[in-house]
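Trainee: Dropping a prediction and its sequence here:
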Amino acid sequence: MVRVRFFAILKDRVGKEVVEIPVSGNITLRDLEEKVMEMFPQMEEYLRGRRLLVSVNQEFATPETVIKDGDEVAFLPPFSGG
Amino acid sequence: MVRVRFFAILKDRVGKEVVEIPVSGNITLRDLEEKVMEMFPQMEEYLRGRRLLVSVNQEFATPETVIKDGDEVAFLPPFSGG
Amino acid sequence: MEMVRVQREDFSIDEEIERVKKTSKAIGAVVTFLGTGRDISRGERIQGLEFEHYEGMAEKKLAEIRNRALKNFNVLEVAIVHRVGKIGIGENIVLIVVASQHRNDAFMCCEWCISELKRITPIWKKEFTEKGEIWVEEHP
Amino acid sequence: MEMVRVQREDFSIDEEIERVKKTSKAIGAVVTFLGTGRDISRGERIQGLEFEHYEGMAEKKLAEIRNRALKNFNVLEVAIVHRVGKIGIGENIVLIVVASQHRNDAFMCCEWCISELKRITPIWKKEFTEKGEIWVEEHP
């Protein structure tokens, strides 16, 4: 299982804060993003346009980053702290 | 009478904080500085080398500034506030 | 008390500066940036703000900013506090305190810290306006 | 309480910032410079400091700096407090608080204010070192 988290506007769009997605073996973040877009088509606008950052276990990740069972992946819309 | 004030290191050098110097009619700051150097030769080093600023009635002045009876002239060594 | 924190409660600037000053007698300059809730943003009248953060990662990024600041600038200490939750107009949002021997280093470093905070820290602002609630997207 | 002051007593940074913040709801950034007594200066170990000012003229110059800052920078309020008399290592010497809508203006203005203060304000620092007392001449 990969724990997938949505923050701020993405949480509102998806209507969930956390979903658990089963993965078998190692996959890339790109593969996981495809699964997420199947489950939540409203994520396409953000993921296709890269209007977000993605973290894996709280570190910034790229589409090539390898995801494994037990990881936490978070979809992070543009920041507005400070 | 012109009230002449010395600050910081100049006060220590001259040994006085304030002296009253009689002036007759209007004179320039340059004339007053000559009088001050006569009275306190230790001021020459600062005045000849312009290692100070001079104020007349609390505004910065030049050697051409006109001094009249009742004015307050202050000799201000390099600042070190802040 | 940690030198970088994310918290719901307001902070005392005197207390944060005191904590920073205690770390070194060589400190001669302390530059502070305080972000506060403005009443107008993008032409809209703001009624209030709410900040959300990615707990754990936000704190980690703030610690990273502090460590890089201490390494790359000639400064002696850096503290960062960011509030989350509901924040009213005029209230404190974020505080950055940078201490150094000489003032130029503290000014440069403090500016860098707030820019970097906005760039890499997973914190989001929601504005409550007359037209509704808006998640602000400042740094794509 | 005046927005520019010369005083013997210490100041509270929270109180000064609060006073500044109260002047406008448009304030989104507050940049503060705090000067403190360092333990080492020009290679000498400092035991303490004493500041002297030209009463009246110093206050006038601080007010002039505030007025020019408000006129020449895009800032909303400026406060300046400078202490005089004996000041120990680690103690506060000077505080400049600049508030603006956006942070860049406050940073630029605050840096200008402290440079200008050092340049034109008749205030002098005496350092007490192991070798004796020295009047510091920083800005000829």
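Mentor: That came in fine, so what should we check first?
Trainee: Show me the strands in chain A, by range?
Mentor: Taking DSSP state E as the criterion, chain A carries its strands at A:2-6, A:18-21, A:27-28, A:53-56, A:59-61, A:66-67, A:72-76.
Trainee: Distance to chain B, mean pLDDT and mean neighbour count for those strands - can I get that in TSV?
Mentor: In short, each C-beta sits where N, CA and C put it, glycine included. Shown next, in TSV, are the strands of chain A (distance: least, C-beta to the nearest C-beta, whole Å; pLDDT from 0 to 100; neighbours: other C-beta atoms under 10 Å in any protein chain shown):
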stretch	distance to chain B	mean pLDDT	mean neighbour count
strand A:2-6	49	98	20
strand A:18-21	53	98	12
strand A:27-28	56	96	16
strand A:53-56	42	98	20
strand A:59-61	41	98	15
strand A:66-67	55	97	18
strand A:72-76	43	98	21
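Trainee: Including distance to C:Cys109, could the ones you listed go into TSV?
Mentor: TSV is the format used below for the strands of chain A (distance: least, C-beta to C-beta, whole Å):
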stretch	distance to C:Cys109
strand A:2-6	32
strand A:18-21	37
strand A:27-28	38
strand A:53-56	25
strand A:59-61	23
strand A:66-67	36
strand A:72-76	26
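Trainee: Kindly list the longest helix within chain C.
Mentor: For chain C, the longest helix by residue count, based on DSSP state H, is helix C:103-120.
Trainee: need the residues of chain A near chain C, please.
Mentor: A:5, A:7-9, A:12, A:51, A:55, A:58, A:60, A:74, A:76-82 (C-beta under 8 Å from any C-beta of the partner chain).
Trainee: Pull out the buried members of those.
Mentor: For the residues of chain A next to chain C, a neighbour count by 16 or more other C-beta atoms under 10 Å in any protein chain shown gives the buried set as A:5, A:7-9, A:55, A:58, A:74, A:76-82.
Trainee: Buried residues of the lengthiest helix in chain A, list them for me.
Mentor: When every helix of chain A is counted residue by residue (DSSP H), the longest turns out to be helix A:29-39. Within helix A:29-39, the residues that qualify as buried are A:Leu29, A:Leu32, A:Glu33, A:Val36, A:Met37, counting by 16+ other C-beta under 10 Å.
Trainee: In those, find the pair that's most separated.
Mentor: Greatest spatial distance in these: A:Leu29 and A:Met37, 12.5 Å, computed using C-beta to C-beta.
Trainee: In contact with the nearest residue to C:Met3 once chain neighbours are set aside: list those residues for me.
Mentor: Nearest non-adjacent residue to C:Met3, counting by C-beta to C-beta, 6 or more residues apart in numbering or on different chains: C:Ala79, 4.7 Å away. Residues in contact with C:Ala79, defined by C-beta atoms under 8 Å, 6 or more residues apart in numbering or on different chains, are C:Met3, C:Val4, C:Glu16, C:Arg19, C:Val20, C:Arg66, C:Leu95, C:Ile96, C:Val97.
Trainee: Mind giving me the ChimeraX select for these, buried ones only?
Mentor: Buried subset of the contacts of C:Ala79, written as a ChimeraX selection, criterion 16+ other C-beta under 10 Å:
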select /C:3,4,16,20,66,95,96,97
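Trainee: Need the contacts of C:Ala79 in CSV (columns: pLDDT and secondary structure).
Mentor: Converted to CSV, those look like this (pLDDT from 0 to 100; DSSP: H, G, I helix; E, B strand; the rest coil):
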residue, pLDDT, secondary structure
C:Met3, 97, coil
C:Val4, 98, strand
C:Glu16, 98, helix
C:Arg19, 98, helix
C:Val20, 98, helix
C:Arg66, 98, helix
C:Leu95, 98, strand
C:Ile96, 98, strand
C:Val97, 98, strand
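Trainee: looking at it, A:Lys35 is touching A:Pro22, isn't it?
Mentor: No - with contact defined as C-beta atoms under 8 Å, A:Lys35 and A:Pro22 do not form a contacting pair (9.3 Å).
Trainee: count of residues packed around C:Leu62?
Mentor: Neighbourhood size, C:Leu62 [other C-beta atoms under 10 Å in any protein chain shown]: 30.
Trainee: Report how many residues lie close to residue 40.
Mentor: In the absence of a named chain, chain A is used. A count of nearby residues for A:Phe40, using other C-beta under 10 Å, gives 20.
Trainee: hmm, I had chain C in mind actually
Mentor: Quick note: C:Ile40 (other C-beta under 10 Å) scores 14 neighbours.
Trainee: Can you check the pLDDT for it?
Mentor: Residue-level confidence at C:Ile40 comes out at 93, pLDDT.
Trainee: Now tell me which helix or strand of chain C has the poorest mean pLDDT.
Mentor: Counting by mean pLDDT, DSSP states H and E, chain C has its least confident helix or strand at strand C:40-41, which shows a mean of 91.
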